[in-house]
Structures are given as structure tokens and as C-alpha cells.
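Peer 1: would you be able to build a 3D model of this:
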Amino acid sequence: MQKKNKRGQTAFYLLLIAVGLVSVYLSFGRGGSGLGDEYVASLGNQHVNEKEEHQAYNSTPPTSGPHLGSSVAPWGVHTEQIPDELQVHNLEDGGVIIHYDPARVDNETLKSLTDFGEGRGDRHLVVEPYVNPTLPSPIVLTAWTRLLRLEQFDREAIISFIKKYEGRDHHVRKPL
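Peer 2: Residues are numbered from 1 along each chain as shown. Next comes the predicted model:
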């Protein structure tokens, strides 16, 4: 009788371990951070001027690459799209950008995004409309080399993404 009981306990513990391993794989095993965001290969952080031609970005919206070196877009909520070359500088400076497609979000979602952006104080956060037919989802968050697609407003996912990536400086440092 005791042997059956020990086998049952062993099977139970093995099942728990298997469930745990599957959970870890689903969260991290696909190259993500556990948030569902994806890594986008870095294109570096070359500074360009406004009129200078540069290589194409490898994501929409961009997550790294050539950008204006003279300034960043003001942090906060914007009603007009910010040029990609300016956005990327915000990302280099540790910012997070919440892009939304105005044609694919309803007024309630727009209000949620705006309220969220306005309530962030001095954070390195931009909320902006992004009109591009290749925008992969109605809402997309970007940080340096990171991209998160959202089909709808998800406050917890947005907060998690910001906590994970905001404030990381990506300037290239020359050795002393």
C-alpha cells in the first residue's frame, strides 16, 4: 500500500514539474521577455541630419537605427505623428513609445491611452498616433530593440513593458 502511495506522490510531483517547465517555455522559450514582446536586431545608433539618406528601418515602428542626434521629441502625449528619425532618439535615451493607429482604435481606447500617457509625470514615455499601413497591430509599444503588439488597450501589459525597458540608456560609450 505504501509503494502505491509513493508512486502517486512521485507522479504528482513529476506532473507539477512538467507544468512548470511548459509555463517557463511559453513565457521565455520563444525569445521574448515573458511579456510577449519581441526582440528586433539593432541597427546601431548612428546620428544623421534631417536631409541625410539612411538605411531602412527593420521594423514598423522602428526600434533602433539612424536618428537625429540634436534633440528628442518632447515626452508626453502627442496628437500628431513624430518623424521616425526623432522617435528613435527617444528610444536611444531610454524612452518607451506607445504608437496607435487612429483608424483602428475607438474613442474609448484613445481616451485610455491619452489618460495613461498624461498620468505618467516625468517618465520617458511618448504616446503618439502612428499612421502606417504596415503597423502590425492597433497599438504597438517600442523600446530600444523591443516591440510589443497589442490588439487592444492592456494596462497591465503596458505597465510591465515600461517597467522592463524605460530608462535604459543606449548611447555607445567610447572606452577610456
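Peer 1: in this structure, which helix or strand is least confident?
Peer 2: For the chain, the helix or strand with the lowest mean confidence is helix 2-28, at a mean of 51 (criterion: mean pLDDT, DSSP states H and E).
Peer 1: could you say what helices and strands the helix or strand that that one is followed by packs with?
Peer 2: The helix or strand immediately downstream of helix 2-28 is strand 38-39, counting by DSSP states H and E. Here strand 38-39 touches strand 146-150, going by 3 or more Cβ pairs under 8 Å, 6 or more residues apart in numbering; DSSP states H and E. In short, each C-beta sits where N, CA and C put it, glycine included.
Peer 1: elements contacting the strand it packs on?
Peer 2: The contact analysis (3+ Cβ pairs under 8 Å, 6+ apart) places strand 146-150 against strand 38-39, strand 139-143, helix 155-165.
Peer 1: how about these, which one is nearest Arg120?
Peer 2: helix 155-165 (8.2 Å; Cβ to Cβ).
Peer 1: packing partners of the closest one?
Peer 2: Under the contact criterion of 3+ Cβ pairs under 8 Å, 6+ apart, helix 155-165 touches strand 96-100, helix 107-118, strand 139-143, strand 146-150.
Peer 1: can you list the weak-confidence ranges in this protein?
Peer 2: Where the chain drops to pLDDT under 70, the residues are 1-35, 121-122, 169-176.
Peer 1: circling back: just the helices and strands packed on strand 146-150: most buried one?
Peer 2: Comparing the helices and strands packed on strand 146-150 by mean neighbour count (mean count of other Cβ atoms under 10 Å), strand 139-143 ranks first with a mean of 26.
Peer 1: partners of that strand in the sheet?
Peer 2: Strand 139-143 has these partner strands in its sheet, going by DSSP bridges: strand 96-100 (antiparallel), strand 146-150 (antiparallel).
Peer 1: who wins for proximity to Asn45 among those strands?
Peer 2: Shortest separation from Asn45 across the strands paired with strand 139-143 is recorded for strand 146-150, at 14.6 Å, computed as Cβ to Cβ.
Peer 1: neighbours of Pro66, just the number please.
Peer 2: 22 (other Cβ atoms under 10 Å).
Peer 1: what sits closest to it if chain neighbours are left out?
Peer 2: Nearest-residue entry for Pro66: His54, 3.7 Å, with adjacent residues in sequence omitted and distances by Cβ to Cβ, 6 or more residues apart in numbering.
Peer 1: what do you get for His124?
Peer 2: In space, His124 is closest to Gly95, 4.1 Å off (Cβ to Cβ, 6+ apart).
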